[in-house]
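Student: Structure of the sequence below:
(2 chains)
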Amino acid sequence: MTERDPRRSTLPGEPPAPASETSTLVGESGGPTDGGRPEAAKRDGRPRFAHASEAELARILDYYAVRWEYEPHVFPILWNLDGAVVESFSPDFYLPDFDLYLELTTLRQRLVRKKNRKLRRLRELYPDVRIKLFYARDFRALMLKYGRLAVADELSGALGQVVPERAATEAPTAEGPAAEPSDRAPSEASAVVPRRQGRRRAAVVAANEP
Amino acid sequence: MSRSIDLEADIAEILLTEEQIQAKVAELGARISADYAGRELTLVSVLKGSLPFMADLMRQLTIPVRIDLMEVSSYGGSATESSGLVRILKDLSSSIEGRDVLIVEDIIDTGLTLNYLIRYLRGKNPRSLRICTLLDKPARRLVDIPVDYVGFTIPDQFVVGYGLDYGELYRNLRFVGVLRPEVYAELA
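Tutor: Numbers count the residues shown, from 1 in each chain, chains lettered A, B, ... in the order given. Next comes the predicted model:
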């Protein structure tokens, strides 16, 4: 769910993460690397999930004995002219036994469009990465299947958003508290170039995106 | 339950008629019989939803078959099932070691239950282990599992009937239908 600005060690408004929470930045080779990756931050043996729906999905995976990792890898998807990563994407779950990433998004449609755009870019840049996007309707269907439809709304969208402790005191953004802090397009002033595309093509892409 | 339930009236659309289902079951039976010709097959039905399919399929097979039944707990099946681990509620009655085994499922959607079952049954050292499902809903798949025999690939809708339930009801419908969404709200 969380899309991190790789220039920051934490999300805006979030307390500094312990060293163990840092995800692995995908290497120059384009594949996720595990070398030296510390274990994900845990509280009472569990990662700190950004959203209640993620915690629910983790419980479901645990129940069926499917191994998972929470946001273990960060995939850079945009670079500036200096080659520095300015936008990245960290899928919520990785299922090592299936070499599959799961991205869960139960937020409103406008934010889903942003996520879709990032997913498209990730698929362009990393065609070998297998990722499935789980929308709000998919999550609702899962809850229906397990007879938990009554709690689906509590676990979805803005209601299920876990507000970071510091951010809770800040004024909500125009998109409301459901807006993901780092889910924002790079500023127009910054020259953003997808590394594996020509600059002209990249400029057109950047100009046309919402 | 205070709500009066008219099973057929709760169906928004019939997705698969009884005739379509029976024709497909016969087709699957012929394929499976050919594939396992000269061998004995153990069918493992996963309760409860696959019972009607199992009953019809086994009568379409022309090879020697044994049957066995398994039941596993479902996430959220009770207040205590949202934590902990899946449990085998009913295990196999006989050993499957060295046998050809075909898991008979009513529907595969997320693949989570089936993934667990496959790992469990492989641990019992069958000679072979294959999967047959009447319905496949690939849009809902969380974990990819190769399925050997698929009756129908269906759209991403909540279906009941021919063994499939909602709140333990509708299993006895002779067709597969899409449940009216209003019913979820009433029964949730």
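Student: Tell me the confidence at residue 129?
Tutor: I went with chain A, as the question did not name one. Here the pLDDT value assigned to A:Val129 is 95.
Student: Sorry, I should have been clearer: chain B.
Tutor: B:Leu129 is given a pLDDT of 98.
Student: for B:Thr80, same thing?
Tutor: 52.
Student: cool, and B:Asp106?
Tutor: Value for B:Asp106, per-residue pLDDT: 96.
Student: That one - that's part of a strand, no?
Tutor: Yes - per DSSP: H, G, I helix; E, B strand; the rest coil, B:Asp106 lies within a strand segment.
Student: Which parts of chain B are strands?
Tutor: Counting by DSSP state E, chain B has strands at residues B:11-16, B:41-46, B:65-72, B:88-90, B:100-108, B:128-136, B:149-153, B:159-160, B:176-179.
Student: can you put the ones you listed in CSV and add mean neighbour count and distance to B:Leu57?
Tutor: From N, CA and C alone the C-beta is placed, and that goes for glycine too. Below are the strands of chain B laid out as CSV (neighbours: other Cβ atoms under 10 Å in any protein chain shown; distance: least, Cβ to Cβ, whole Å):
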stretch, mean neighbour count, distance to B:Leu57
strand B:11-16, 17, 15
strand B:41-46, 22, 7
strand B:65-72, 17, 9
strand B:88-90, 12, 19
strand B:100-108, 23, 6
strand B:128-136, 21, 7
strand B:149-153, 18, 9
strand B:159-160, 24, 18
strand B:176-179, 23, 15
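Student: for the residue most central in space within chain B, what are its contacts?
Tutor: With distances taken as Cα atoms, centre = their mean, B:Asp106 lies nearest the centre of chain B, 2.0 Å away. By Cβ atoms under 8 Å, 6 or more residues apart in numbering or on different chains, B:Asp106 lies in contact with B:46, B:49-50, B:52-53, B:133-135, B:162-164.
Student: Identify the residue nearest it in space, chain neighbours excluded?
Tutor: Spatially, and ignoring its direct neighbours in sequence, B:Asp106 is nearest to B:Gly49 (3.7 Å; Cβ to Cβ, 6 or more residues apart in numbering or on different chains).
Student: count of neighbours near A:Leu119?
Tutor: A:Leu119 has 20 neighbouring residues, counting by other Cβ atoms under 10 Å in any protein chain shown.
Student: list the buried ones in whichever strand or helix holds it?
Tutor: A:Leu119 belongs to helix A:109-125 when assigned by DSSP states H and E. For helix A:109-125, a neighbour-count test (16 or more other Cβ atoms under 10 Å in any protein chain shown) marks A:111-112, A:114-115, A:118-119, A:121-122, A:125 as buried.
Student: Can you tell me which helices and strands that helix packs against?
Tutor: Packing partners of helix A:109-125 (3 or more Cβ pairs under 8 Å, 6 or more residues apart in numbering or on different chains; DSSP states H and E): strand A:73-80, strand A:85-89, strand A:131-134.
Student: make it 10 Å
Tutor: strand A:73-80, strand A:85-89, strand A:100-104, strand A:131-134, helix A:199-208 (3 or more Cβ pairs under 10 Å, 6 or more residues apart in numbering or on different chains; DSSP states H and E).
Student: ok, now which ones touch the nearest residue in space to B:Asp10 that is not next to it in sequence?
Tutor: In space, B:Asp10 comes closest to B:Val183 once its chain neighbours are excluded; the distance is 4.9 Å by Cβ to Cβ, 6+ apart. The contact partners of B:Val183, by Cβ atoms under 10 Å, 6 or more residues apart in numbering or on different chains, come to B:3, B:5, B:9-12, B:158, B:160, B:166-167, B:169-170.
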